[in-house]
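Q: Structure, please.
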Amino acid sequence: MSNLAVALAIVISYLDRRSATSTEDDDIQVLEAVAAELQQSPPDEKNEVVSALVRIGRADLIDGLGLR
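A: Predicted structure coming up:
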């Protein structure tokens, strides 16, 4: 569960400090950091993230995040 917590903390921290001068490159760096954390999660946690992405209609992100 710690990988999920770290991934969530990365996103919350980034959103909190994101400014009008933030770029798409900044956004991509954060997504890559989140993906790296999620990829290190145990299989059951990865499956939970996959299920959550399906539930919110974003199954298209599963492969891009390296969760399969």
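
Q: Return the distance of the residue nearest the centre of the chain relative to Ala20.
A: Among the residues of the chain, the one closest to the centroid is Val34, at 3.9 Å (Cα atoms, centre = their mean). Noted for Val34: a distance of 22 Å to Ala20, by Cβ to Cβ, to the nearest Å. Quick note: C-beta positions are derived from backbone N, CA and C, even for glycine.

Q: which one is the residue nearest to the centre of the chain nearest to, not counting chain neighbours?
A: Ala7 (4.6 Å; Cβ to Cβ, 6 or more residues apart in numbering).

Q: so who does the one you found touch?
A: When contacts are counted by Cβ atoms under 8 Å, 6 or more residues apart in numbering, Ala7 is found next to Ala33, Val34, Glu37, Leu38.

Q: what comes up buried for the helix or strand in which the last one is found?
A: When secondary structure is defined using DSSP states H and E, the element that contains Leu38 is helix 24-39. For helix 24-39, a neighbour-count test (16 or more other Cβ atoms under 10 Å) marks Val30, Leu31, Val34, Ala35, Glu37, Leu38 as buried.

Q: And the helices in the chain?
A: 2-17, 24-39, 43-55, 61-64 (DSSP state H).

Q: Now render those helices as TSV, adding mean pLDDT.
A: Putting the helices of the chain into TSV (pLDDT from 0 to 100) gives the following:
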stretch	mean pLDDT
helix 2-17	93
helix 24-39	95
helix 43-55	95
helix 61-64	95
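
Q: From one end of stretch 49-68 to the other, what's the distance?
A: Length of stretch 49-68, first residue to last, Cα to Cα, to the nearest Å: 11 Å.

Q: whoops, I mixed them up, stretch 33-47
A: Length of stretch 33-47, first residue to last, Cα to Cα: 19 Å.

Q: can you list contacts of that stretch?
A: Applying Cβ under 8 Å, 6+ apart, the contact partners of stretch 33-47 are Met1, Asn3, Leu4, Val6, Ala7, Ile10, Val11, Val49, Gly64, Leu65, Gly66, Leu67.

Q: Please apply the same query to stretch 13-25.
A: Contacts of stretch 13-25 (Cβ under 8 Å, 6+ apart): Asp26, Val30.
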